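*Asks:* sequence below, structure please.
(2 chains)
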Amino acid sequence: MCNHHDTLRSNNKDLQQVEKMMDRRAFLTKTSLGFGALALGSLLNTDKAWSAVKNNVQPDLGMFSRNDLGLPHHVPKAKRAIYLFQSGGPSQIELFDYKPKLKDLFGQELPDSVRKGQRLTGMSADQTSLPIAPSIIDFKQYGESRAWVSSAMPYLSEVVDDICFIKSMQTDAINHDPAITFFQTGSQQPGRPSIGSWISYGLGSDNENLPTFITLISKNGGGQPLYARLWGNGFLPTEHQGVQFRSGKDPVLYLTDPENYDGHNRRNMLDYLGKLNDVQNSFYGDPEINARMSQYEMAFRMQTSIPEVTDMSDEPEYIFDMYGKDSRDPGTYAANCLLGRKLLEKGVKFVQLYHQGWDQHIGCPKGVLGNARKTDQANAALIKDLKQRGMFEDTLLIWGGEFGRTVYSQGKLTATDYGRDHHPKAFTMFMAGAGVKPGITYGETDDFSYNVIKDPVHTHDFQATLLHLFGIDHERLTYKHQGRRFRLTDVHGHIVKDILS
Amino acid sequence: MNEASDLVLFFGRFHPLVVHLPIGFLFFAFILEIVAKYKKKELLKEAIPLALFLGAMSAIIACILGYMLSLSGDYEGEALDKHFWFGIATTMIAILAWMLKTKRIKYIIKESVRLNIATLTFIVLLLSITGHYGGNLTHGSDYLTAYLPFTTKEKKEVPKINSIEEAQLFAHVVHPILDNKCLSCHNNSKKKGGLSLVDEVSILKGGKSGVAFIAGNSEQSELIKRVHLDPDDKEFMPPEGKTPLTEEEIKIIEYWIDHGQADFTATVGTVDTPEEIKKLLAEQLQLGDDHSAGSTMSVASPVSEEVMASLIQLGVNMREIVSETNRYDVSMLPKNSKEFDVKIVKEILEELSKIKNNIVWLSLPSQGITDTHLEIIGSFKGLQKLALQKNNISDAGIQHLTSLEQLESLNLHSNSLITNKSIQQLSKFKKLEKIYMWNTSIKKEDSINKKVIL
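*Replies:* Coordinates of the predicted model:
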């Protein structure tokens, strides 16, 4: 029963005492849980155990052939996704939600009948006046779908017929930290797994040499901070954590061999390290040891896979031209879009981009235009590029922030300048690609872009729909933690069927 | 028969509780006898008459209560008769055994021990039979054996169908719902409320509250009324503890009553069917649009473990499209043109052709695939999506693909040898919706086909 005494034994008397205690405990947990697991396994797998065909391929063969969680639940439309997160809360009023009637209401007080006592942030709650600020950026209709897009996004206006705009997004949180955490993990409080981690946990990897879930952040981003928990694994096994690539030349640090070492015996080193970790694992049974081992192995494989996938030399000039001149500068949003596409081509399942700086409390028009300049061409190019490569039919593209912005001006309203505060009750996102109806606008807001008057889509609804497109029933992908089965959508979420193709 | 007073029924319902007493007592008497004999514990013998006495007495009470319960009319038929007579027989033998044991009846055979064991064994046998029939009455005759290993489940023969239109409303759609949710209490041996839903004859007969269905009027149909009640209502069906009908199931039954006039032979094709119902039917019958998100997929025969293992070793990624359907999304990661190896591609394709019926999506980008390889791929008849971008395919190879009638999406981008000729061939495909031809020799101005994406 205590065979690990041979492998791990201390000469120190006190430690030996501890080891013996550990034995009894280990014996009890291992036997009771072990038998429990055996019984459970046979309960869950009876028909498989009795059928002639064994579906379990040996684990060392790598890629699995049957998903242990019984996923996908239904035929998936999306095989991969790229989520272009616009952090800070882009103004729907300056970009997509065209409200011509506001022009006549310039400077007038936001009616209480519209606000309906909606809470405001501490930044504008003390304002004596909430003057209506119409957008000074022009709008036009584009494409066969006649979608409204402002002149801030000239490139995107070329591809509106491939896009599904959702103008009726709603969220629960009003400040950045809870709102962005809510969007990415389904809970305003930290600690839950992010969307990408759920996907990784549920569907596994398509390329063992790269992480399943990769995060790219635009460099030199000011504004609201981002935190690792947004791509964190929460209580899911650590392997499902998103791997953040650094913006700049070296996306993953320490992959290159140190000076004067050619790496020829690294495989040996990892094998011995693996043995040591195995001993540790059999002693403590801590799943983090497995996670660490798999991360070491992943890092080893990434030594070759990362330089390969981040090598831009095989991209022709006209592709760079399509994404814009920023795309030649590693770490920019445009370069990240291009890199994101390369990662998706290489079998990465979930690529999450973050672009900071959409928090226009002051200088809204200028700020929106500035951010649009950095992102617009790349957004449109990514859609076109995915399309021509045939990836658009099974790649889901998502654009959106954590909330929208108020119709009233925060701070002083002038003819050319105004600020906008956070607004969670109505904002615009767009989705495109796999399984999403192209060229439609879903949902409507009132004349003030303040309340949703038709087809509201809550954050949980968006998350449920996202999982649905991956073939996952959001109510059935659960993970038991601290005695409760957790879901990305908690106890909420309805699939927005009307936007599915 | 339905005239039994409430009091009789009240006591009658104690039958399932009380029956366990004679079972316990009589079985214990048997155990005492055995142990006393083989372990030579004479003292135990003294308890046997008491156990038998209590067993016989409680058996008599159980019989009376059982008879009272049977007056409710909820149970009928052969199963009830058998339970009834075996129950009485068990009771009689128990009384007899007690009398023998206490020498109230004199008997001639000397070896009393053997006789005792024989009677008691007989009692245990009778108990088991009676109990079994009783259980069948309560839970349905297939309750015990439904999950018996190593048996194939018997299914009523219903003709197989290929489209929703062919489906018989009752046999294919409504009856399976009733079978699943109602029949355990409303069958020919256990007719709760006097109602059996086993077949046309018994359904038309109805139950105590009248007929179950009124053709063309689901709102007035008793069965529909009952399933729509508040779940806390006493009349709500199915009763507490049983799985209620889903909204979809209720809609389907209502559709059968309203649109199908509760006809037992009508098929979906002959009845005016709303789109919404068609979707529900397709889902229930697992037919129709295979590939739309949210739909299911038919199940293929499993892939052999060796083929799977060798494919995985060759670097092929096998992903089941829907869990446990054995239908696969087969893909390989793009290779560097320096790593192209025509022989390995051939080996992989030959291995894949062993499981060609299981492959629905195939993605082999940048593998060095040439025209000759397409001959093998052309035999993968079930393919719906085929991605062969960045290979060395020319127009000559495309003709091998014309046999892929299920193909919906074909990706050939960056195969520089492909020209307009291929488009002409591909336009013959009926289901093909998207053809990706960017970065080939096809020029924008040449292409008139809307399906072609450049």
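*Asks:* where in the stretch 51-200 of chain B is pLDDT low?
*Replies:* Applying pLDDT under 70 to the stretch 51-200 of chain B flags residues B:107-113, B:150-160, B:162.
*Asks:* show me the chain divided up by domain.
*Replies:* Picked chain A for this. Residue ranges for the domains of chain A, per automatic domain parsing: A:4-56, A:80-255+A:312-499.
*Asks:* sorry, should have said chain B
*Replies:* Using automatic domain parsing, the domain parsing of chain B gives B:6-139, B:164-285, B:305-453.
*Asks:* which secondary structure elements does the host helix or strand of A:Phe462 contact?
*Replies:* Remark: A:Phe462 resides in helix A:459-469, with elements defined by DSSP states H and E. In terms of contacts (3 or more Cβ pairs under 8 Å, 6 or more residues apart in numbering or on different chains; DSSP states H and E), helix A:459-469 is packed against strand A:163-170, helix A:195-203, strand A:395-400. From N, CA and C alone the C-beta is placed, and that goes for glycine too.
*Asks:* is the first one in proximity to chain B?
*Replies:* Read that as strand A:163-170. No: using Cβ under 8 Å from any Cβ of the partner chain, strand A:163-170 never reaches chain B; the gap is at least 13.8 Å.
*Asks:* tell me what the longest helix anywhere in chain B is packed against?
*Replies:* If you go by DSSP state H, chain B has its longest helix at helix B:112-139. Judged by 3+ Cβ pairs under 8 Å, 6+ apart, helix B:112-139 is in contact with helix B:20-38, helix B:77-101.
*Asks:* how far does that helix sit from the chain's center?
*Replies:* Centroid displacement of helix B:112-139 relative to its chain, using Cα atoms, centre = their mean, to the nearest Å, is 34 Å.
*Asks:* tell me the first helix or strand C-terminal of it.
*Replies:* Counting by DSSP H and E, what follows helix B:112-139 is helix B:175-181.
*Asks:* what residues sit buried inside that next one?
*Replies:* Within helix B:175-181, the residues scored as buried using 16 or more other Cβ atoms under 10 Å in any protein chain shown are B:His175, B:Pro176, B:Ile177, B:Leu178, B:Lys181.
*Asks:* ok, so of those, who is nearest chain A?
*Replies:* Nearest to chain A among the buried residues of helix B:175-181: B:Pro176, at 20.3 Å, using Cβ to the nearest Cβ.
*Asks:* spit out the contact partners of that closest one.
*Replies:* Applying Cβ atoms under 8 Å, 6 or more residues apart in numbering or on different chains, we find B:Pro176 in contact with B:Gln284.
*Asks:* quick one on the thing from earlier: what's in contact with the helix holding A:Phe462?
*Replies:* Here helix A:459-469 makes contact (Cβ under 8 Å, 6+ apart) with A:76-78, A:81, A:166, A:169-172, A:182-183, A:186, A:195, A:198-199, A:396, A:398, A:429, A:434-436, A:473-474, A:477, A:488-490, A:492-496, A:499-500, B:293-294.
*Asks:* now, of these, which are buried?
*Replies:* Among the contacts of helix A:459-469, those classed as buried by 16+ other Cβ under 10 Å are A:76-78, A:81, A:166, A:169-171, A:182-183, A:186, A:195, A:198-199, A:396, A:398, A:429, A:434-436, A:474, A:477, A:488-489, A:493, A:495-496, A:499-500, B:293-294.
*Asks:* tell me the helices and strands packed up against the helix or strand where B:Val8 lies.
*Replies:* Element membership of B:Val8, judged by DSSP H and E, is helix B:6-12. With contacts defined as 3+ Cβ pairs under 8 Å, 6+ apart, helix B:6-12 has these neighbours: helix B:48-70.
*Asks:* for the helix it packs on, C-alpha coordinates in CSV please.
*Replies:* Extracted as CSV, the C-alpha positions of helix B:48-70 are listed here (Å, rounded to 0.1, in the frame of the first residue of the first chain):
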residue,chain,number,x,y,z
ILE,B,48,-39.9,-21.1,13.3
PRO,B,49,-43.6,-21.6,14.3
LEU,B,50,-43.8,-18.0,15.4
ALA,B,51,-42.4,-16.7,12.1
LEU,B,52,-44.7,-18.9,10.2
PHE,B,53,-47.7,-17.8,12.2
LEU,B,54,-46.9,-14.2,11.7
GLY,B,55,-46.2,-14.8,8.0
ALA,B,56,-49.5,-16.6,7.5
MET,B,57,-51.5,-13.9,9.4
SER,B,58,-50.0,-11.0,7.6
ALA,B,59,-50.4,-12.9,4.3
ILE,B,60,-54.1,-13.2,5.0
ILE,B,61,-54.3,-9.4,5.7
ALA,B,62,-52.3,-8.7,2.5
CYS,B,63,-54.7,-10.8,0.5
ILE,B,64,-57.7,-9.0,1.8
LEU,B,65,-56.1,-5.6,1.2
GLY,B,66,-55.0,-6.7,-2.2
TYR,B,67,-58.5,-7.7,-3.1
MET,B,68,-59.8,-4.3,-2.0
LEU,B,69,-57.2,-2.6,-4.2
SER,B,70,-58.2,-4.6,-7.2
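*Asks:* what comes up buried for that helix?
*Replies:* For helix B:48-70, by 16+ other Cβ under 10 Å, it's B:48-63, B:65-66, B:68-70.
*Asks:* which secondary structure elements does that helix contact?
*Replies:* Where contact means 3+ Cβ pairs under 8 Å, 6+ apart, helix B:48-70 is packed against helix B:6-12, helix B:15-18, helix B:20-38, helix B:77-101.
*Asks:* reformat those helices as TSV; add distance to A:Gly70.
*Replies:* Below are the helices and strands packed on helix B:48-70 laid out as TSV (distance: least, Cβ to Cβ, whole Å):
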stretch	distance to A:Gly70
helix B:6-12	45
helix B:15-18	38
helix B:20-38	40
helix B:77-101	38
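*Asks:* neighbours around B:Cys182, how many?
*Replies:* A total of 22 residues lie near B:Cys182 under the criterion other Cβ atoms under 10 Å in any protein chain shown.
*Asks:* which residues touch it?
*Replies:* With contacts defined as Cβ under 8 Å, 6+ apart, the neighbours of B:Cys182 are B:Leu197, B:Met237, B:Pro238.
*Asks:* would you turn these into CSV with distance to chain A, secondary structure and neighbour count?
*Replies:* Formatted as CSV, the contacts of B:Cys182 follow (distance: Cβ to the nearest Cβ, whole Å; DSSP: H, G, I helix; E, B strand; the rest coil; neighbours: other Cβ atoms under 10 Å in any protein chain shown):
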residue, distance to chain A, secondary structure, neighbour count
B:Leu197, 29, coil, 21
B:Met237, 26, coil, 24
B:Pro238, 23, coil, 18
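*Asks:* where do the helices sit along the stretch 251-400 of chain A?
*Replies:* Assigned by DSSP state H, counting those that start in this stretch, the helices in the stretch 251-400 of chain A fall at A:266-284, A:287-310, A:317-323, A:333-345, A:364-388.
*Asks:* got the buried residues for the last one?
*Replies:* The reference is to helix A:364-388. If you call a residue buried by 16+ other Cβ under 10 Å, then helix A:364-388 has these buried ones: A:364-365, A:367-369, A:371-372, A:374-388.
*Asks:* helices or strands up against that helix?
*Replies:* Packing contacts for helix A:364-388, counted by 3+ Cβ pairs under 8 Å, 6+ apart, involve strand A:80-86, helix A:92-95, helix A:317-323, helix A:333-345, strand A:350-355, strand A:395-400, strand A:427-433.
*Asks:* which of those sits closest to chain B?
*Replies:* Chain B lies closest to helix A:333-345 among those, at 6.6 Å (Cβ to the nearest Cβ).
*Asks:* figure out how far the closest one is from the centre of its chain.
*Replies:* Using Cα atoms, centre = their mean, the offset of helix A:333-345 from its chain centre is 15 Å.
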